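*Asks:* Sequence isn't available, so here's the structure alone:
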């Protein structure tokens, strides 16, 4: 559409009097798309010209139409204060289809990011605790943002910043030594470790001395005690093994797993940097950074006993990433309840003069609940992500057995549909919206679901298989088909959608676009006998192939697989 916007801007600029005071770029900035497609494809509003030209906007629009060469368009008309342009459908369709079919999966790719590094802090489960539904959003939003960044020419670096340090390990070691055994942990590590952790919090209500034991064991761990270190390493190892099985199922990979423990030996330098810059101030025995100039509460850096806090480790992490990656941006995909914390973190880094601080962005997201209840590991109210994925795959397999029992690779397709339904079900929502998860709703093959988009592409591929000699690279793209017009415009929108999703760090922009395209294609399929008209067959198949390409790429950006058959 950019090419046509430029053409419209040139025509308007040429037809305007010099008194109008608008150059080509100013005209271009004002061109918009009418809300109703019946009013045209592009429009130029004339309101702002009324004062300069001493005319009513409606009259200005009529004068412009009279002086415009409309030969490259279907028609150009004045509609009230607007000059409305109707694109030539055959020419525009040919341009769009040619671009999609020649660029294929690269359609929409741009180099805006100039290969700049973008570390993305995402997922970040705690060692020795299960990956629950509460971890789903950070994981799939972060993964989709990474894919979208790469599509816009950035180099994303997915960092699973593991929660592998802190007083909870003192509690876990205490609980394991009191109630656990090695055989049970080896047989079912995560479930047993979390059972011990939950029991600790139930028991310490009536036995506060347990907290003293836990603090002692964490102190031993901090000072390198052999038994404490051995247990910590073991808990970390079995946890990562369990985590990676789930990540593999989700199709999510990470570039680094540098957890909190990785930064322990790097904190003293950071504390010294804060001192050297005279940023640390004492407050009731603790060390803080005053952030009043940012209208923020002080950032507590060290407790009165000298212990570090999350922000101490996050400052250290950010400085490490700044030195290691020289990032174009530094992203944190963390729940919206941490918004204030990330304002403090960014402010401290700016005070320290860390180069990438200004480009630190918190990507917040809303809460996920199941049946209206918030999830909590401590209280034992957990819904395991792996179990939900398995249930979704099983439900997809059941539906496939009912609808297409002879389908080859049923297990693989069931996994792609079942897992894709969970991912898409999250990402179709604006990231700040809270979600109440209901599995059966995600697996429907109609409505705003992942399976609906997947099946729409399967339908396109099914049509193409019925014409085995169709060659998309050499076929006609001269499509004069009014019923296909909405699809053509949606296909044309994809590069701009990719840019918008990147600018907003918002995967739902892609998901909602995929739903619109799937809906438009299914409407076309319902009202057009695509294979019956030999005169238009090649052009229509070019359209179908283009839809298949763009739907598959849209799903890929979200981290959703796209089977050819279902």
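*Replies:* Structure received. Remember, predicted model here, so these are calculated numbers, not experimental data.

*Asks:* From here on, just use CA atoms for contacts and neighbour counts.
*Replies:* Noted.

*Asks:* didn't residue 464 look like it was pressed against residue 540?
*Replies:* No. With contact defined as CA atoms under 8 Å, residue 464 does not reach residue 540; the gap is 10.3 Å.

*Asks:* So those two - more neighbours on which side?
*Replies:* residue 540 (25 against 20; other CA atoms under 10 Å).

*Asks:* and the more buried one, what element?
*Replies:* Element membership for residue 540 (DSSP states H and E) is helix 537-558.

*Asks:* now do residue 55
*Replies:* Using DSSP H and E, residue 55 sits in no helix or strand.

*Asks:* hey, where'd the strands end up in the stretch 201-350 of the chain?
*Replies:* Counting by DSSP state E, counting those that start in this stretch, one finds strands in the stretch 201-350 of the chain at the ranges 280-283, 286-289, 299-302, 330-333.

*Asks:* end to end, how far does stretch 102-122 reach?
*Replies:* 35 Å (CA to CA, to the nearest Å).

*Asks:* can you give me how far that stretch is from the chain middle?
*Replies:* Per CA atoms, centre = their mean, to the nearest Å, the displacement of stretch 102-122 from the mean C-alpha position of its chain is 13 Å.

*Asks:* remind me which residues of the protein are low pLDDT?
*Replies:* 1, 371-373, 375-381 (pLDDT under 70).

*Asks:* buried stuff in the helix ranked longest in it?
*Replies:* Counting residues, the longest helix found in the chain (DSSP state H) is helix 226-250. Judged by neighbour count using 16 or more other CA atoms under 10 Å, the buried positions of helix 226-250 are 228-229, 231-232, 235-236, 238-240, 242-243, 246-247, 250.

*Asks:* Pull the residues that contact that helix.
*Replies:* Residues from elsewhere that reach helix 226-250, judged by CA atoms under 8 Å, 6 or more residues apart in numbering: 127-131, 164, 169, 173, 189-190, 217-218, 220-221, 253, 385-386, 419.

*Asks:* before we move on, what about stretch 416-429?
*Replies:* 137, 140-141, 249-250, 389, 392-396, 435, 439, 442-443, 448-451, 454, 507-509, 511-512, 558-563.

*Asks:* hmm, 6 Å instead?
*Replies:* 389, 392, 393, 396, 442, 443, 450, 508, 511, 560, 561 (CA atoms under 6 Å, 6 or more residues apart in numbering).

*Asks:* Make JSON lines from the residues you listed and add secondary structure and distance to residue 284 to it.
*Replies:* Listed next are the contacts of stretch 416-429 as JSON lines, based on DSSP: H, G, I helix; E, B strand; the rest coil; distance: CA to CA, whole Å:
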{"residue": "389", "secondary structure": "helix", "distance to residue 284": "49"}
{"residue": "392", "secondary structure": "helix", "distance to residue 284": "53"}
{"residue": "393", "secondary structure": "helix", "distance to residue 284": "55"}
{"residue": "396", "secondary structure": "helix", "distance to residue 284": "58"}
{"residue": "442", "secondary structure": "helix", "distance to residue 284": "52"}
{"residue": "443", "secondary structure": "coil", "distance to residue 284": "55"}
{"residue": "450", "secondary structure": "helix", "distance to residue 284": "54"}
{"residue": "508", "secondary structure": "helix", "distance to residue 284": "46"}
{"residue": "511", "secondary structure": "helix", "distance to residue 284": "50"}
{"residue": "560", "secondary structure": "coil", "distance to residue 284": "52"}
{"residue": "561", "secondary structure": "coil", "distance to residue 284": "55"}
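
*Asks:* now the residues you listed in a markdown table, with neighbour count and distance to residue 53?
*Replies:* Below are these laid out as a markdown table (neighbours: other CA atoms under 10 Å; distance: CA to CA, whole Å):
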| residue | neighbour count | distance to residue 53 |
| --- | --- | --- |
| 389 | 23 | 64 |
| 392 | 24 | 63 |
| 393 | 25 | 65 |
| 396 | 27 | 64 |
| 442 | 24 | 56 |
| 443 | 24 | 58 |
| 450 | 33 | 52 |
| 508 | 21 | 43 |
| 511 | 28 | 44 |
| 560 | 25 | 54 |
| 561 | 22 | 56 |
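
*Asks:* so which of those comes closest to residue 313?
*Replies:* Among the contacts of stretch 416-429, residue 508 lies closest to residue 313 (CA to CA), at 31.5 Å.

*Asks:* ok now do that closest one, which residues does it touch?
*Replies:* Counting by CA under 6 Å, 6+ apart, the residues that residue 508 touches are 427, 428, 429, 430.

*Asks:* Got a PyMOL select line for the buried ones in the contacts of helix 226-250?
*Replies:* Applying 16+ other CA under 10 Å to the contacts of helix 226-250 leaves a buried subset, and the PyMOL line that selects it is:
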select buried, resi 127+128+129+130+131+164+169+173+189+190+217+218+220+221+385+386+419
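
*Asks:* Which of the contacts of helix 226-250 fall within helices?
*Replies:* Among the contacts of helix 226-250, the members falling in helices (DSSP H) are 169, 173, 189, 190, 217, 218, 220, 221, 385, 386, 419.

*Asks:* now for those residues, which pair is the farthest apart?
*Replies:* So, the ones in helices among the contacts of helix 226-250 by CA to CA: farthest apart are 220 and 419, at 41.9 Å.

*Asks:* sorry, back to before: out of the contacts of stretch 416-429, which one sits closest to residue 41?
*Replies:* residue 511 (23.5 Å).

*Asks:* Measure how buried the nearest residue to that closest one once chain neighbours are set aside is and give me the count.
*Replies:* Once flanking residues are discounted, residue 511 sits nearest to residue 428: 5.0 Å by CA to CA, 6 or more residues apart in numbering. By other CA under 10 Å, the residues close to residue 428 number 22.

*Asks:* now what about the helix holding residue 540, what contacts it?
*Replies:* 100, 144, 147-148, 457, 460, 472, 475-479, 562.

*Asks:* Could you export the ones in helices among the contacts of helix 226-250 as TSV, including distance to residue 407?
*Replies:* Below are the ones in helices among the contacts of helix 226-250 laid out as TSV (distance: CA to CA, whole Å):
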residue	distance to residue 407
169	48
173	50
189	37
190	36
217	56
218	54
220	58
221	54
385	27
386	25
419	18
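
*Asks:* Going by distance to residue 63, which of these wins?
*Replies:* Looking across the ones in helices among the contacts of helix 226-250 and measuring by CA to CA, the closest to residue 63 is residue 419, at 57.2 Å.

*Asks:* Find residues that contact each of residue 464 and residue 540.
*Replies:* What both residue 464 and residue 540 touch, as defined by CA under 6 Å, 6+ apart, is an empty set.
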